[in-house]
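>>> Test case, fold it:
(one chain, ligands or ions: 1)
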Amino acid sequence: MTSSSPASASPSTDPAAISDRLAVVRARIAEACRDVGRDPETVVLTAVSKTQPPEAIAAMRAAGQRVFGENRVREAQGRWAEGLYGRPGGAELELRLIGPLQTNKTEDAVALFDVIETLDREKLARTLAEAAAKRGRSPRLLIQVNTGAEPQKAGVLPDAAEALIATAQKTYGLTVEGLMCIPPADEPPEPHFRLLARLAEDNGLSVLSMGMSGDYETAIRCGATHVRVGTALFGERKPSETVSRP
Ligand SMILES: *Cc1c(COP(=O)(O)O)cnc(C)c1O
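Residues are numbered from 1 along each chain as shown. Down below sits the predicted model:
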């Protein structure tokens, strides 16, 4: 008796659909790279797995995806630290924190993530340095820049980015490898991507995490080295989870 449909029938967890969407996104990344004469190998695709069910993540891994992004420390701990998928930081998996980090969760974040993209204030630089020393583990860091100076959004203001980069590196000995931004939802993203690229260049940083499902090709044409794609890979999230809030 087979009265219920298999779990794989759901669009967000069906392995064939996930594999197809991954292929489409990879092809579009390659095309955007060709447009501007870049090697597609210079762009890393981060699959944003926040709120996704374990079957969807397992299917994405089975399709060959190795870099994942999560925006909440607790949620990421639940699904990535329990050993179900193998420990991040192992040979073949990279886990990136792309959501705001509270100082009381810094130690947990340092223990779990390979890269933290959301360093945005001196106090967090200090606690990250302390946590790294305590845990003997130093995730690579990006500084999040609030390119649109939106009051509700995390990130250092563009004018203060240079000082924070210097403080993180010189005062706290942190390895800052680049910058990250989330442009305002209601504006064309390109000026924001260009601003972030210029800030990175001015400060000798090589990594640029910018571009999401709606604008990753534009971001690549502006120099993105890392694009963070959720919906275009996994399908729609629940409406309340579509926006990353501080
Ligand atoms: C959710 C999220 C993404 C992915 O957004 P999509 O539009 O679903 O691709 C990228 N970056 C951050 C910081 C996010 O919170």
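>>> Does the longest helix seen in the chain reach the ligand?
Longest helix of the chain, by residue count under DSSP state H: helix 15-35. No - using Cβ under 6 Å from any ligand atom, helix 15-35 never reaches the ligand; the gap is at least 9.7 Å. Quick note: C-beta positions are derived from backbone N, CA and C, even for glycine.
>>> Name whatever forms a beta bridge with residue 140.
Taking DSSP bridges as the rule, residue 140 bridges to residue 115.
>>> now it: how far from the ligand?
Plainly put, residue 140 is 17 Å away from the ligand if you go by Cβ to the nearest ligand atom, to the nearest Å.
>>> residue contacts, residue 173?
By Cβ atoms under 8 Å, 6 or more residues apart in numbering, the residues touching residue 173 are residue 129.
>>> ok, back up a step: near the ligand, anything from the helix or strand that comes right after the longest helix of the chain?
Downstream of helix 15-35, the first helix or strand assigned by DSSP states H and E is strand 44-48. Yes - with Cβ under 6 Å from any ligand atom as the criterion, the ligand is reached by strand 44-48 at residue 48.
>>> Adjust the sequence numbering to begin at 886 for everything that follows.
Okay, residue one is now 886; in that scheme the one you just asked about reads as strand 929-933.
>>> Just checking the distance from strand 929-933 to the centre of its chain.
Chain-centre distance of strand 929-933: 7 Å, with Cα atoms, centre = their mean, to the nearest Å.
>>> Show the residue spans covered by the helices in the chain.
Per DSSP H, the chain carries helices over the ranges 900-920, 939-947, 958-965, 991-997, 1007-1020, 1043-1051, 1075-1087, 1101-1106, 1116-1119.
>>> would you list those helices in TSV and tack on mean pLDDT?
Below are the helices of the chain laid out as TSV (pLDDT from 0 to 100):
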stretch	mean pLDDT
helix 900-920	96
helix 939-947	90
helix 958-965	89
helix 991-997	95
helix 1007-1020	97
helix 1043-1051	98
helix 1075-1087	98
helix 1101-1106	98
helix 1116-1119	96
